[in-house]
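S.K.: based on what follows, work out the 3D shape:
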Amino acid sequence: MVSRSYSIWGSELSPFVLKVLALCRYCGVDVRLLPDQGTWLENIDVALRVERIKKGQLPLTFPRLSEYDEFPLTPYLLGEKGENLYDSTAIADWFDARLIQPGAKLVPEDPAIAFSVRLIDEYFDEWGLYMVHHNRWVTSAHGNDAGDRLANEYRSLVPRPLRPRFSRWFSERQTRRLPYLFSVADPDLPIQGLAKKRQPPAPPDFPATQHLLDDAFARMLDALEGVLTRSPFLLGDRLTLADASAYGQLAMNTQDLEADELIAERAPATYAWIERIANGDARPAHASGSARLQLSPELEALHEEICRTFVPLMRQNEAAYGRHLAVGEAQFNEAGFDAGHGLYKGVIDGHPFRAVAKTFQVKVWRRLLDQWRLLDRDQRASFGAFEQVIADDTD
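M.R.: Numbers count the residues shown, from 1 in each chain. Next up is the predicted model:
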């Protein structure tokens, strides 16, 4: 490891920050969360450092960005010796390349297990984000205090008189972003007793998707519960990148009253797993310290759920990106969505939706297919659902 002391620039409201915190705890990396744990002077210094990274005045240590990446977003992991790291999954790869302990990698060396870890990681990063953002700003809309918590984290940078306004601005902004993050309301079913600016949007010509996300979240919890009632972690005896990614998303929702109660009641073993990772319990419980990892039969339900939602989304997103690119469209991601560019219609699990083509999801999907192609026939046998739905992509 080049440096053992790092700072994360970001908020605990972000599932990706929570994911990186879990990775740091697992790897034994000392880390501080800024701006929450920093002084005014420290935070100003780091904020300026991040701005210089964004402007290209300071280089990213890792990863190397491509035309598909949506940069800059958080979290940033900043080392005391000048390391500038970005993107939660890339940070895991950075740690893996420098781990000393044999057999402790976040992405294990076994090809089939590694593919499962990558698949679960990308599922939670992309599709899981939609579900938990929906849970925060729709399911937990009445009891949501995220804006106040963010204002408190930024207390050294936001004067006290301005914090209520900062809180309202953030909450209203995140509510407006719901359709971009796949949660579209039914215009005939507003949330009773909620202020107008906190009502989930229902843009014209966008099918409602809230029930789709609610159903997918329930199935995902059931699939996780099936694994975690029999195993301490998703792939066996210790944490992998798959656990860190799933944890980041779900731990975000344990900060929101209604969503927290939903997880605890529907998936108690999963809830206990979230608490264990939050407390830093990510190593084997065995006295020998050895960890067994495997593709358990219980994982099949999670793989099937991934193939029901995430895989169709990735395939339709890539196809839409190609169509738009062929006619000269160049604006995608959130900027494209806000401008009405790069939009496409699709169907997931029988539910119609409308979304914007996202370049970073094109990268995610193509990288997964490249990893799939490296598996031999026997290794692919554990992923029957995946092989069936992506046959056309690998011809």
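S.K.: residue nearest the centroid of the protein?
M.R.: For the chain, the residue whose C-alpha lies nearest the mean C-alpha position (C-alpha atoms, centre = their mean) is residue 125; its distance is 2.8 Å.
S.K.: where's that one relative to residue 386, distance?
M.R.: If you measure residue 125 against residue 386 using C-beta to C-beta, to the nearest Å, the figure is 17 Å. In this view, the C-beta of every residue, glycine as well, is placed from N, C-alpha and C.
S.K.: and the residue nearest to the centre of the chain, that's in a helix?
M.R.: Yes. Assignment of residue 125 by DSSP: H, G, I helix; E, B strand; the rest coil places it within a helix.
S.K.: list the contacts of it.
M.R.: 16, 88, 89, 245, 364 (C-beta atoms under 8 Å, 6 or more residues apart in numbering).
S.K.: can you lay out those residues as a markdown table showing secondary structure?
M.R.: Compiled in a markdown table, those are given as follows (three-state DSSP):
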| residue | secondary structure |
| --- | --- |
| 16 | helix |
| 88 | helix |
| 89 | helix |
| 245 | helix |
| 364 | helix |
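S.K.: ranking by neighbours, what's the top pick from those residues?
M.R.: Of the contacts of residue 125, residue 245 is surrounded by the most neighbours, 30 neighbours in total, counting by other C-beta atoms under 10 Å.
S.K.: show me what contacts it?
M.R.: When contacts are counted by C-beta under 8 Å, 6+ apart, residue 245 touches 19, 88, 89, 120, 121, 124, 125, 128.
S.K.: what is the nearest of those residues to residue 323?
M.R.: residue 125 (24.4 Å; C-beta to C-beta).
S.K.: helices of the stretch 251-395 of the chain, start to end?
M.R.: Here the stretch 251-395 of the chain has its helices, by DSSP state H, counting those that start in this stretch, at 257-266, 268-278, 299-308, 310-326, 333-339, 359-373, 377-380, 384-389.
S.K.: helices or strands up against the first one?
M.R.: Packed against helix 257-266 by the contact rule (3 or more C-beta pairs under 8 Å, 6 or more residues apart in numbering; DSSP states H and E) you find helix 210-228, helix 241-253, helix 268-278.
S.K.: closest to residue 354 out of those helices?
M.R.: Nearest to residue 354, of all the helices and strands packed on helix 257-266, is helix 210-228, at 12.2 Å by C-beta to C-beta.
S.K.: dump the helices and strands packed on helix 257-266 to a markdown table, plus mean pLDDT and distance to residue 30.
M.R.: As requested, the helices and strands packed on helix 257-266 are arranged in a markdown table below (pLDDT from 0 to 100; distance: least, C-beta to C-beta, whole Å):
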| stretch | mean pLDDT | distance to residue 30 |
| --- | --- | --- |
| helix 210-228 | 98 | 29 |
| helix 241-253 | 98 | 18 |
| helix 268-278 | 97 | 17 |
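S.K.: out of the ones you listed, the one nearest residue 171 is which?
M.R.: helix 241-253 (15.1 Å).
S.K.: by how many degrees do that closest one and helix 299-308 diverge?
M.R.: Following axes from the mean of the first three to the mean of the last three C-alpha atoms, to 10 degrees, one obtains 70 degrees for the angle between helix 241-253 and helix 299-308.
S.K.: in contact with residue 70: list those residues for me.
M.R.: Shown here is residue 70, whose contacts under the criterion C-beta under 8 Å, 6+ apart are 333, 334, 358, 359, 360.
S.K.: which of these sits closest to residue 7?
M.R.: Checking the contacts of residue 70 against residue 7 with C-beta to C-beta, the nearest one is residue 360 at 24.4 Å.
S.K.: quick check: domain ranges of the chain?
M.R.: Under the assignment automatic domain parsing, the domains of the chain span 5-96, 115-127+210-301, 135-198, 308-394.
S.K.: how long is the longest one end to end?
M.R.: What that stands for is domain 115-127+210-301. 16 Å (C-alpha to C-alpha, to the nearest Å).
S.K.: and among the helices and strands packed on helix 257-266, the most buried is which?
M.R.: Ranked by average neighbour count under the criterion mean count of other C-beta atoms under 10 Å, those are headed by helix 241-253 at a mean of 27.
S.K.: quick one: low-confidence ranges for the protein?
M.R.: Of all residues in the chain, those with pLDDT under 70 make up the ranges 1-4, 99-100, 102, 283-290, 392-395.
S.K.: please redo it, this time with the cut-off set to 50
M.R.: In the predicted model, the chain carries pLDDT under 50 at residues 1, 285-288, 395.
S.K.: ok, back up a step: residue 48 is nearest to which of the helices of the stretch 251-395 of the chain?
M.R.: The closest approach between residue 48 and any of these, judged by C-beta to C-beta, belongs to helix 333-339 at 24.6 Å.
S.K.: what helices or strands is that closest one leaning on?
M.R.: Judged by 3+ C-beta pairs under 8 Å, 6+ apart, the packing partners of helix 333-339 are strand 351-356.
S.K.: mind listing what's buried in the strand it packs on?
M.R.: Going by neighbour count (16 or more other C-beta atoms under 10 Å), the buried part of strand 351-356 is 351, 353, 354, 355, 356.
S.K.: could you do stretch 164-179 as well?
M.R.: Residues of stretch 164-179 classed as buried under the neighbour-count rule (16+ other C-beta under 10 Å) are 166, 167, 168, 170, 171, 174, 175, 177, 178, 179.
S.K.: which residues touch it?
M.R.: Stretch 164-179 is contacted from outside by 133-134, 136-138, 144, 146-148, 150-151, 154, 158, 184-185, 197-201, 203, 206, 334, 337, using C-beta under 8 Å, 6+ apart.
S.K.: winner for burial among the domains of the chain?
M.R.: Of all those, domain 115-127+210-301 has the most neighbours on average by mean count of other C-beta under 10 Å, namely a mean of 20.
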